[in-house]
Every structure is written in structure tokens, then in C-alpha cells.
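**Q** sequence first, predicted model second:
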Number of protein chains: 2
Amino acid sequence: MVRRVRAFGPASIANAVAGFDVLGFALDEPGDVVICSLSEKAGIRIAPMTGAFQDLPTDPDKNTAGVAVQSLLKKHGIVQGIEIEIQKGVPIMGGMGSSASSASAALVAVNELLELKCTKMDLLPFILDSERAATGVPHADNAAPSLLGGFNLIQSLEPLQVLALDIPPNIFCSVVHPHMYIKTRDAREILPHSIPMAVATKQMGHIAGFIAGMQTGDLDIIKRSLVDELAEPHRSKLIPGYWEVKQATEEAGALGCGISGSGPSMFALSQSEEIAKQVALSMQKAFSVAGLKSDLYISGISKLGARILD
Amino acid sequence: MVRRVRAFGPASIANAVAGFDVLGFALDEPGDVVICSLSEKAGIRIAPMTGAFQDLPTDPDKNTAGVAVQSLLKKHGIVQGIEIEIQKGVPIMGGMGSSASSASAALVAVNELLELKCTKMDLLPFILDSERAATGVPHADNAAPSLLGGFNLIQSLEPLQVLALDIPPNIFCSVVHPHMYIKTRDAREILPHSIPMAVATKQMGHIAGFIAGMQTGDLDIIKRSLVDELAEPHRSKLIPGYWEVKQATEEAGALGCGISGSGPSMFALSQSEEIAKQVALSMQKAFSVAGLKSDLYISGISKLGARILD
């Protein structure tokens, strides 16, 4: 039996502009590296975080990797002690699916470590348990892409139905993470509980067009479908310089731009890596004008999702 | 110059369960046949209706074919007199796009008669004018499929963006028209002006899945996506026996069932003509139990839309 497994769980972009609460996709980078080892002491122990971002609890009941692994072990009636080390590469509370990154990496690591032979779809519910613990609701729009990879439609939560969309070649993502915090819970509370029927049907046109554009690889359709009438009008208020950043992506040639998950990170999709680089720089500049320092990431869409490194 | 043109405009099914206000598809039958002739008298004159359904005004300002043709002529600065004869094959106020059927047939007929050389997309706005006159709002979910044919996503009205979805082979539609009336306006007024955000996002999952299912030809995905959380909970109250009819379609093996447009017709999609026949009969039987006589139609999805007959 292997004594130690190292796994990678990528960052992910939930909502993806057109699909509030139902779309999400995985990035090639950044991601979290999680190392799980067998321990002779019972229970789950999490070492203090290492990596670029460290301000997370080591209490396994308060850390999403810990919650997910405990949920998995409980389901399988396993009492084996496990030590978890997390090298955080995904910004915490940045809107890039940080909690799902750790949890997805931890789950594939433990699955390998204990030779559980679970499929990724078998593992998905345990990340949802950890997402529920972190945010109060079991959203899958980060969990599914971080674990499964790809551009996912979370068609329904009960029963859990996830579809992998076709992805046109050479689509690249620019993500800019401004140095500020928005709690997922606060970003939820700023949204209205109800919306006009007419807004709902307009947004249905956007997401339906987006799916058709992805499945046919038609970038013009994708571009005109990257519209968010549900969350953006409200959440944009939480992000200084939001509209200037968005304007900058248009001028730099992006296909579309919006809030990454519940923010404050913003992302844009572009039709080449070169454009995505220019777009990211223009976003960073616009944030700077708004008084915010930021980090930028240029990434393809990961088809792999969480995976064993060694 | 031809002196007389006969054209066909098919019935259409708006909403198509998963896409309230944004999806619609054309039927092979029934449809309206419209005959347009040059007249030496100025203006538009409409003869008393012939065909299966006749209770429509002949005032060209109150008849959708008349409104559409006048709008087309006005746009082109044409004062030529035209006589219009309408053989109604589509039930009036049945929820099968009757007004769009007449208007689409009339437009393609006049386009040919006057050699205007308009494309169908050029003609579409003139049906919208007639739909606005008929219902107060310029919906395109009957107009576009009746004119263009196919299974359409009306992605947006302004600007007018219509996408043609791929259609899996052998999909057949059963439509049952109970002998009762629902005015489009009444069917609109029973809908809430606002809906919970959570309902909107669930419906986005349904329509997004439906589009993915259509584009990939996956009947399982189509089947589970044919869900309407927006209109059905309210409009079903206007149709006696609604849930029993729907139940009957499930038992007969349909992929899905719902209200056709604003009702009272109901329709179901099935994966063969044979199943569609059984489904239609079971629907008719369930309506009968609810005390309603009905007519039934079995049809493929028309890829042609409105067209010149001779």
C-alpha cells in the first residue's frame, strides 16, 4: 500500500457569466497541491497550510479538505488515520473556488491512498458536503469542474446531473484577483430573492445561446451570449472599478468578462493565449486605477480536473 | 409578373416546455394556406376565412396576415392593392401559433407576388409587428419557427437573434387541442411578474440541458430537461385534466409533455411516429375523461417553415 499520495486540485470559475449557479469550468492553473499520508494515529489531522495562501483553519471540521475526507471515510466506514498537508495555490475567498480545489485534491489523494476505486462522480457528493459546510449551500459549480475538469453544466443538484460541454479550441481565460475580500455569504445576500420573469427569460436566452455556441464552436454566438443579468447588476457594486475592468477587456478583444464566482476576482475569456495575456494586463491596469493591487493568471480550461501527481 | 401566389404557413409550438418565451418549433402540419393576388383596387382586402376555422376578422388592421402584409408594404413604399384569402388549418386561440401561421404564409406569398426578394430573416420583423398587434407584445417564439422552420432559440428580441438548433432524427410531436379557449392575454396575466431567483436558476439548468441534448442528439438528456418551472405551475390551472393528460403521455412513452404556447393545446415529443400516435391517443382519452372533446395532430418538426406552394 502506498503511504503518501500527492494530488492537484485546480481553481475553477463558477457562473461563467451566462450561467449563474449552473455553469463552471476548471483552470489549468492555479491550483492546490494536497498531500495525504497514512497515519498510525486515528482521525484526520491537517498541517498548517503552506504555499502562497496560508490563512486557513487546520481543524478538520472547519477545513473543506478535512470535511470532504471525513465525509468520504464515514461513508465507507473507514477509521484509518490520515495526515493532510495543503499547499495553497488558489487565493482564499477570491472567488476562484479555493475550497473546492483543496477538497477535490484531497479526495482524489485519499481515494488513491486507500485504494477505494471510487470514480470521480462517486467522489463529487463529498465535495458538496464540504461546500455546504463552507457556505451553507451545496453548490456544485466549483466542485464539479475542480474535480471532473472541463466546462460543466450543473443541470440539477437533486438528482446530481452534470454535463460536460464541448470547448472550442484555443479558448483561454484571464483571471485577475484584486487584493480585497468578499465573503461568499455576503455576495449571496446582496442578490435579490426574486427577479422579474422578463429578466429570467432574457437570461434563459443568454445561457441557451451560450450552450449552443459552445457545442457548435461559434465564437460570435459565445461572445453575444456572455451576459449576466442575474448577479452582475448587484455584485458588481462590491468590486471597485468593476465596469472599468470590464470595459478594458472589451477594448483588449476578449469574448466576454464577468465576476469569477462570487468575486472579487474577475475573469475574461479570449480566443487565444496572446489575447488573454493582453486582456489580463488591461484588467490589472484598470484595477490599479481603481486603487487595487491584483494578481493575474492566464490559463487554459483544464480538461483533467483534480488528479494524482505522484 | 405572377398574379396569384399560394403559400403555406405551419403551426408552431412556442415555449417547448423548457424554454418559456425563448424556444419554439414548427410543425409539418397543420398549417394555414394563404392566397395572395394582385388587385387593381388599392389597399389590402381579406376575404372571409375558409378552411376548418373561420372565426377571424377580415379587417386588415385586425387580422395578423393583414397587419403583417401592410407593414411589409409600408416599409417598401408599395401601394399595390392585394387580395388575401386565408384557408385556416390551425385552430384559432388554440396555442398553436395560429396568428403567426397566417402572417408567415401571407408574407412569403406577397414577397413572391411582388418579387421583393426579401430573405426570411428580412420578413421576420413584419410578423413581429402583427404579433404585437394581436397580443400586445412582439413575441417571436411562434413567428420565427412558423416562418423559418426548425427548432428555434429566440436568443434575443433586440437585436433580433434567432438560432436554429439541431434536431435529433425521428422526433415526432403529438398535439391535442381541447375544445375550449384561452386568450393569450389571459394566459399571460396568470403568470407572476416576478419569480424566486432559485426557480430562475433551476429553469436555466433545464433549458441549458435541453440545448445540450438537442445539439448532441442525446434523448436521455432531452427527456430530463423537458421541465417547465415558469409557466406550467400557473397555466396548468387553466386546462382541465392537465396533469392527467401529462401523466398519460409519460405512461405512453413520451420524452416530455407540456402546454403548447399559451394553451389550451398540449403537446408531447416522442422518439418515433408510432409512439407519438399512441401518446396523442392517450392524451385525447385523458382530455375526454376531463370532459373535453379534442382534436389531435401527429407531426414531424418542419425544417421548411412557411413556403410557396404554387
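**A** Now that the structure is in, tell me what you want to look at.

**Q** hey, let's count contacts and neighbours off CA atoms from now on
**A** OK.

**Q** so what are the domain limits for chain A?
**A** A:4-165+A:303-308, A:172-300 (automatic domain parsing).

**Q** can you say which of these is packed in most?
**A** Stretch with highest mean neighbour count among the domains of chain A: domain A:4-165+A:303-308 (a mean of 23; mean count of other C-alpha atoms under 10 Å in any protein chain shown).

**Q** next one: that one to chain centre, how far?
**A** 10 Å (C-alpha atoms, centre = their mean, to the nearest Å).

**Q** hmm, A:Val79 and A:Leu73 touching each other?
**A** Yes: counting by C-alpha atoms under 8 Å, A:Leu73 touches A:Val79, with 7.0 Å between them.

**Q** what about the helices in chain A?
**A** For chain A, the helices defined by DSSP state H occupy A:64-76, A:98-113, A:120-135, A:143-148, A:184-189, A:197-216, A:219-225, A:232-235, A:242-251, A:273-289.

**Q** which of the ones you listed sits closest to chain B?
**A** helix A:197-216 (4.4 Å; C-alpha to the nearest C-alpha).

**Q** now the angle from the closest one to helix B:197-216?
**A** 30 degrees (axes from the mean of the first three to the mean of the last three C-alpha atoms, to 10 degrees).

**Q** hmm, helix A:197-216 in reach of chain B?
**A** Yes: legend: contact between helix A:197-216 and chain B by C-alpha under 8 Å from any C-alpha of the partner chain is shown at A:197-198, A:200-209, A:211-212, A:215.

**Q** what's that helix packed up against?
**A** Contacts defined by 3 or more C-alpha pairs under 8 Å, 6 or more residues apart in numbering or on different chains; DSSP states H and E place helix A:197-216 against strand A:161-165, helix A:219-225, strand B:151-156, helix B:197-216.

**Q** beta partners of A:Phe8?
**A** Beta-bridge partners recorded for A:Phe8 (DSSP bridges): A:Val33, A:Arg307.

**Q** ok, it - contacts?
**A** Each residue near A:Phe8 by C-alpha atoms under 8 Å, 6 or more residues apart in numbering or on different chains is listed here: A:Gly31, A:Asp32, A:Val33, A:Val34, A:Ser101, A:Ala105, A:Ala306, A:Arg307, A:Ile308, A:Leu309.

**Q** farthest pair in the residues of helix A:197-216 next to chain B?
**A** Maximum pairwise distance among the residues of helix A:197-216 next to chain B (C-alpha to C-alpha): 27.0 Å, between A:Met197 and A:Gln215.

**Q** using TSV, lay out the helices and strands packed on helix A:197-216 together with distance to B:Phe20.
**A** Listed next are these as TSV, based on distance: least, C-alpha to C-alpha, whole Å:
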stretch	distance to B:Phe20
strand A:161-165	22
helix A:219-225	18
strand B:151-156	10
helix B:197-216	9
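
**Q** and A:Ser236, which of these is closest to it?
**A** Nearest of those (C-alpha to C-alpha): helix B:197-216, 17.4 Å.

**Q** do you know how far the residue nearest to A:Glu273 when sequence neighbours are not counted is from A:Ala276?
**A** The shortest distance from A:Glu273 to any non-neighbouring residue, by C-alpha to C-alpha, 6 or more residues apart in numbering or on different chains, is to A:Phe172 (5.5 Å). Per C-alpha to C-alpha, to the nearest Å, A:Phe172 is found 6 Å from A:Ala276.
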